[in-house]
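*Asks:* Return a 3D structure for these sequence lines:
(one chain, ligands or ions: 1)
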Amino acid sequence: EGTLSPHRANGEQEIDASLRPRKLDDFVGQQRVREQLRLVLQGALGRGEQPDHILFAGPPGLGKTSLAMILATELGSAIRVTSGPALERPGDLAAMLSNLTAGDVLFIDEIHRMARPAEEMLYLAMEDYRVDVVVGKGPGATSIPLDIAPFTLVGATTRSGSLTGPLRDRFGFTAHMEFYEPAELEEVINRSAGILGVDLRPDGATEIARRCRGTPRIANRLLRRVRDYAEVRSDGVVTVEVARAALEVYDVDELGLDRLDRAVLGSLARSFGGGPVGASTLSVAVGEEQSTIEEVCEPYLVRAGMLARTPRGRVATAAAWQHLGMVAPANAFG
Ligand code: ADP
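*Replies:* Numbering: from 1, shown residues only. Sure thing, here's the model as predicted:
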């Protein structure tokens with residue numbers, strides 16, 4: 001995947017970890033979510049209770065994992081980290097749950113991808129701090145109820161719509177993460193530059209902030225690529241000129257759209273006259289999974305004003321035609 005992919009790249013875990021804010025006050029932006037979380041935290045701490053289960057919903061790279069870790073830190077609790085796809089067999093989840101100690105935070109990333117039997121086990125755990133462990137097979141199988149320690153489940157999903165009703169209902173609070181404003185991204189980039197020791201000028205930070213798809217993970221990655229360029233081809237100082245030249249090398253366009261974003265817009269315009277076209281047709285046309293188109297690509301294109309989702313399908317907006325340097329046909333816009 002390219003420089004602009006919001007997904008964590010291989011080997012990027014350590015960088016992610018070193019740049020991760022540790023406290024709620026260091027977490028930039030998402031003001032509503034921070035306020036909501038602070039209330040949930042302080043309410044529970046004040047009563048001496050375990051905080052409700054919390055769900056973070058939104059595109060990748062916006063800080064869901066960071067917030068889960070911050071939550072544990074602010075609670076003074078340990079955090080156990082796993083993911084939906086890792087919990088294929090209910091036994092995997094049972095083992096995880098029975099190893100919790102009181103007050104722990106259990107973080108399940110991509111919780112919408114958990115297998116159904118594990119999900120059903122989670123209902124009881126969330127509600128009653130209990131698991132039913134099935135022993136044996138066939139008619140002789142028995143189920144043994146097992147108490148587990150009180151814990152707070154923190155789930156993260158890029159697709160809150162595909163969570164089942166019963167699972168969604170068991171979260172006390174769902175935080176919807178938004179793409180970041182340029183000023184917030186500048187703050188993220190300046191903070192990271194400080195940690196990494198990059199000599200970043202304000203206009204350099206502004207340029208990177210404009211072109212990172214509203215996503216802190218991408219902002220941090222572009223900062224590292226621009227630093228490489230500054231050190232190798234220049235004197236190490238990241239100015240706006242250096243940032244522009246570097247982003248040119250990495251094929252990051254003016255608006256920070258990535259290859260897939262551009263493919264979707266291009267296909268919409270060239271093959272479908274600007275739409276409307278259904279998401280599944282579009283995904284076949286660009287050769288990418290529909291879930292990626294819907295969860296990663298479209299949210300940003302909608303936010304950037306390039307794409308509209310209508311009941312009859314996806315439509316390229318006037319801004320999209322302009323960005324592609326094309327003229328919209330007379331019957332465009334549905
Ligand atoms: P997600 O779990 O939503 O994919 P992460 O929490 O892993 O996202 O965040 C990816 C990276 O972006 C982290 O390493 C962190 O450094 C940075 N980041 C995300 N949100 C913020 C923020 N609000 N302030 C500062 N850095 C952030």
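*Asks:* which residues of the stretch 1-150 of the chain fall in strands?
*Replies:* Secondary structure of the stretch 1-150 of the chain, counting by DSSP state E, counting those that start in this stretch: strands at 54-57, 79-83, 105-109, 130-135, 142-147.
*Asks:* Tell me which strands the first one pairs with, and in which orientation.
*Replies:* In the sheet containing strand 54-57, the strands it pairs with under DSSP bridges are strand 152-157 (parallel), strand 173-176 (parallel).
*Asks:* Ok, which of those comes nearest Thr206?
*Replies:* If you check each of those against Thr206 by CB to CB, strand 173-176 wins as the nearest, at 27.0 Å. From N, CA and C alone the C-beta is placed, and that goes for glycine too.
*Asks:* contacts for the closest one?
*Replies:* For strand 173-176, contacts defined as CB atoms under 8 Å, 6 or more residues apart in numbering pick out 33, 36-37, 40, 52-58, 67, 160, 168.
*Asks:* If we use 10 Å, what do you get?
*Replies:* Strand 173-176 has contacts (CB atoms under 10 Å, 6 or more residues apart in numbering) with 30, 32-34, 36-37, 39-40, 51-58, 64, 67, 154-157, 160, 163, 168.
*Asks:* out of those residues, which are buried?
*Replies:* Using 16 or more other CB atoms under 10 Å as the burial test, those include 30, 33-34, 36-37, 40, 51, 53-58, 64, 67, 154-157, 160, 163 as buried.
*Asks:* Quick check on His53: phi, psi?
*Replies:* Note on His53: its backbone torsions stand at phi -70, psi 140 [degrees, to the nearest 10].
*Asks:* Skip the chain neighbours and tell me the closest residue to it.
*Replies:* Leu153 (4.2 Å; CB to CB, 6 or more residues apart in numbering).
*Asks:* Same question for Glu12.
*Replies:* On the basis of CB to CB, 6+ apart, the spatially nearest residue to Glu12 that is not a chain neighbour turns out to be Arg221, at 7.5 Å.
*Asks:* Identify the residues contacting the one you found.
*Replies:* Applying CB under 10 Å, 6+ apart to Arg221 gives the contacts 3-6, 8-9, 12, 15-16, 61, 192, 208, 212, 215, 250.
*Asks:* and the gap between it and Leu19?
*Replies:* Distance of Arg221 to Leu19, given as CB to CB, to the nearest Å: 10 Å.
*Asks:* Could you pull out the residues contacting both of the two?
*Replies:* Here Arg221 and Leu19 have Ser192 as joint contacts, going by CB under 10 Å, 6+ apart.
*Asks:* Return the backbone torsion pair for the residue of the chain found nearest the ligand.
*Replies:* Nearest residue of the chain to the ligand (CB to the nearest ligand atom) works out as Gly63 at 2.7 Å. The phi/psi pair for Gly63 (degrees, to the nearest 10) reads phi 110, psi 20.
*Asks:* check contacts around it.
*Replies:* Contacts of Gly63 (CB under 10 Å, 6+ apart): 20-21, 27-30, 33, 56, 70, 156, 177, 180, 188, 215-217.
*Asks:* Near the ligand, list only the ones from these.
*Replies:* Residues of those in contact with the ligand (CB under 6 Å from any ligand atom): 20-21, 27-30, 156, 188, 216-217.
*Asks:* Could you find the closest non-adjacent residue to Gly313?
*Replies:* Leaving aside its chain neighbours, Gly313 sits nearest to Pro276 (3.4 Å; criterion: CB to CB, 6+ apart).
*Asks:* Return the residues in contact with the one you found.
*Replies:* Counting by CB under 10 Å, 6+ apart, Pro276 has contacts 268, 308-316, 333-334.
*Asks:* Adding pLDDT and neighbour count, write those out as CSV.
*Replies:* Output for those, formatted as CSV (pLDDT from 0 to 100; neighbours: other CB atoms under 10 Å):
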residue, pLDDT, neighbour count
Leu268, 96, 27
Ala308, 96, 17
Arg309, 93, 16
Thr310, 92, 11
Pro311, 91, 6
Arg312, 93, 11
Gly313, 94, 18
Arg314, 96, 26
Val315, 96, 19
Ala316, 96, 30
Phe333, 65, 15
Gly334, 50, 14
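*Asks:* could you dump these to TSV with secondary structure and distance to Met326?
*Replies:* As requested, the contacts of Pro276 are exported to TSV (DSSP: H, G, I helix; E, B strand; the rest coil; distance: CB to CB, whole Å):
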residue	secondary structure	distance to Met326
Leu268	helix	11
Ala308	strand	17
Arg309	strand	21
Thr310	strand	20
Pro311	coil	25
Arg312	coil	21
Gly313	strand	19
Arg314	strand	16
Val315	strand	14
Ala316	strand	9
Phe333	coil	14
Gly334	coil	17
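*Asks:* and which of those residues is nearest Arg130?
*Replies:* Nearest to Arg130 among those, counting by CB to CB, is Arg309 at 41.2 Å.
*Asks:* Phi and psi next, for the nearest residue to that closest one once chain neighbours are set aside.
*Replies:* Among residues not flanking Arg309 along the chain, Val302 sits closest, at 6.5 Å (CB to CB, 6+ apart). Main-chain torsions, Val302, degrees, to the nearest 10: phi -60, psi -50.
*Asks:* Appreciated, that's everything.
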